[in-house]
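Student: Next come a sequence and a model predicted from it.
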Number of protein chains: 2
Amino acid sequence: MRNDVPFVKAMKKTNRADAQRNLDSLLEAAKAVFAESGVDAPVREIASRAGVGIATVYRHFPQRSELIAAVYRREIDACAASAQELAREHEAFEALTRWLHRFTSLIATKRGLAASLNAQDPAYQALPAYFRQHLEPALQSLLAAAAAAGRVRDDVDAYELLRGVGNLCVPVAEVGPGYPRRMVDLLIDGLRYGAPAPSGSGPRRR
Amino acid sequence: MRNDVPFVKAMKKTNRADAQRNLDSLLEAAKAVFAESGVDAPVREIASRAGVGIATVYRHFPQRSELIAAVYRREIDACAASAQELAREHEAFEALTRWLHRFTSLIATKRGLAASLNAQDPAYQALPAYFRQHLEPALQSLLAAAAAAGRVRDDVDAYELLRGVGNLCVPVAEVGPGYPRRMVDLLIDGLRYGAPAPSGSGPRRR
DNA sequence: GTCAGTACCGGAACAGTGTTCCGTATACCC
DNA sequence: GGGTATACGGAACACTGTTCCGGTACTGAC
């Protein structure tokens, strides 16, 4: 194998300094705009905020979802990595619960992100794939451990659960701010229902 | 009170025959187009299918969501009405489960409908309101009955549950066709978890 | 330092939405 | 049959995402 220097900045595929500079300010601008207006913000707004042309956005990110993934890459990776840590520090079910809560806030706090994960628009195609690739294994191992410990049922597919939680994070009008958390907790209790071993504590109450 | 003839066709606010004719073909066209292309289909397509101009659509339905609600009005009303029937014919928890399944298929089989319920676009504003107005009372009574019978927990808000189930019906790529049903079942088991009375049967297994 | 080649840039242009406006047509009432 | 209010149709506007292409300026060689 050649050129396998580890941790080389994954994004850098260009040699020209201006291109790299543009890429950086694009990511920074996108992050700011996403925080303000959600991930559905107009491309023009991101471009102008970054001080670049529209085409520059498309050159670096042919699909809008790639830009989103790039902006949140670090957070997604951190979330995936936290699974091992939680598994080390907590009992299996507790680790699973904590991770699902962490995942919940990852999704729920980014306006429009949850909806984008389900958009059938080809511009968003890469986003679910990115999430699946990075987060499914993390959840899979936590789920398997909790099931092996008899704390949750063993007939639930990790990816489906991931998407289910993601869907529950889609914000809803006329509903209190804790809605995603409450629904995810309900889903978690569904996981516990009928688990082989007694579960100790009762359901989370509001 | 004047002019309170019951069951007068709620939609008829016009006196001109051509307007009524247009309204009818508009609804028929919308129904067909929604079935083919989902509820996000272009307004122009619906208009041209109905053989009317674009403005005619907007005249009758200033908000897109009003058109959607009008098209599915009958099905929504039927779903709401079925709650009483189910409550009469089945034990409380069974009635609740069956109704939630019925609601699930109502949402899940209309492409794009689930997503539209969450769109923050003002054009879809009226849709969640319509659903809430008609379906929340139905679920509320079923939920209260099942809780009173000790079969489910009593700390879950009916509207939140309604929206939660709706969110779980948002279709997801790379997942089997039974996904919404499986997730809703999981949520239902979450309702049962820690209910006062023992629940009899175990969790639904796939 | 400067020169050439090319990688990259920017914005105009295109295409597809939703939405509004206004001159025109027509159904109803007398 | 005539007059008027009502409703109609499509052009026009505003705002998206996406593509194209002439021009710019960075890099590396000398």
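Tutor: Looks like it arrived, so ask away.
Student: The helix ranked longest in chain A close to DNA strand C?
Tutor: Ranked by number of residues, the top helix in chain A under DSSP state H is helix A:64-89. No - Helix A:64-89 stays clear of DNA strand C (C-beta under 7 Å from any atom of the strand), getting no nearer than 14.0 Å. C-betas here are computed from N, CA, C, even on glycine.
Student: Any idea how many residues pack against the closest residue to A:Leu67 other than its chain neighbours?
Tutor: Leaving out its chain neighbours, the residue that sits closest to A:Leu67 by C-beta to C-beta, 6 or more residues apart in numbering or on different chains is A:Phe61, at 4.1 Å. Neighbour count for A:Phe61, taken as other C-beta atoms under 10 Å in any protein chain shown: 23.
Student: Please apply the same query to A:Val184.
Tutor: 25.
Student: With A:Ala78 instead?
Tutor: 12.
Student: quick revisit: name the helices or strands packed onto the longest helix of chain A?
Tutor: helix A:17-37, helix A:92-108, helix A:113-116, helix A:126-148 (3 or more C-beta pairs under 8 Å, 6 or more residues apart in numbering or on different chains; DSSP states H and E).
Student: Would you mind naming what in chain A lies close to DNA strand D?
Tutor: Chain A comes close to DNA strand D at residues A:15-18, A:40-45, A:54-55, A:58, A:62, A:64, A:121-123, as judged by C-beta under 7 Å from any atom of the strand.
Student: just the buried members of those residues?
Tutor: Buried members of these, scored by 16 or more other C-beta atoms under 10 Å in any protein chain shown, are A:40-41, A:43, A:64, A:123.
Student: How about the contacts made by the nearest residue in space to A:Val156 that is not next to it in sequence?
Tutor: Excluding the flanking residues, the one nearest A:Val156 by C-beta to C-beta, 6+ apart is A:Leu191, at 6.4 Å. If you count contacts by C-beta atoms under 8 Å, 6 or more residues apart in numbering or on different chains, A:Leu191 has them with A:96, A:146, A:152-153, A:156, A:161, B:186, B:190.
Student: Would you convert the buried ones among the residues of chain A next to DNA strand D into CSV that also reports secondary structure?
Tutor: Converted to CSV, those look like this (DSSP: H, G, I helix; E, B strand; the rest coil):
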residue, secondary structure
A:Asp40, coil
A:Ala41, coil
A:Val43, helix
A:Arg64, helix
A:Ala123, helix
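Student: For those, which two are the farthest from each other?
Tutor: Largest separation among those by C-beta to C-beta: A:Ala41 and A:Ala123, giving 13.1 Å.
Student: quick one: the one helix or strand in chain A whose mean pLDDT sits lowest near chain B?
Tutor: Least confident helix or strand, chain A: helix A:113-116 with a mean of 94, by mean pLDDT, DSSP states H and E. Yes - where contact is defined by C-beta under 8 Å from any C-beta of the partner chain, part of helix A:113-116 touches chain B, namely A:Ala115.
Student: OK, contacts around the nearest residue to A:Asn22 once chain neighbours are set aside?
Tutor: Using C-beta to C-beta, 6+ apart and skipping residues adjacent in sequence, the residue nearest A:Asn22 is A:Val52, 5.2 Å away. Neighbour list for A:Val52: A:22, A:25-26 [criterion: C-beta under 8 Å, 6+ apart].
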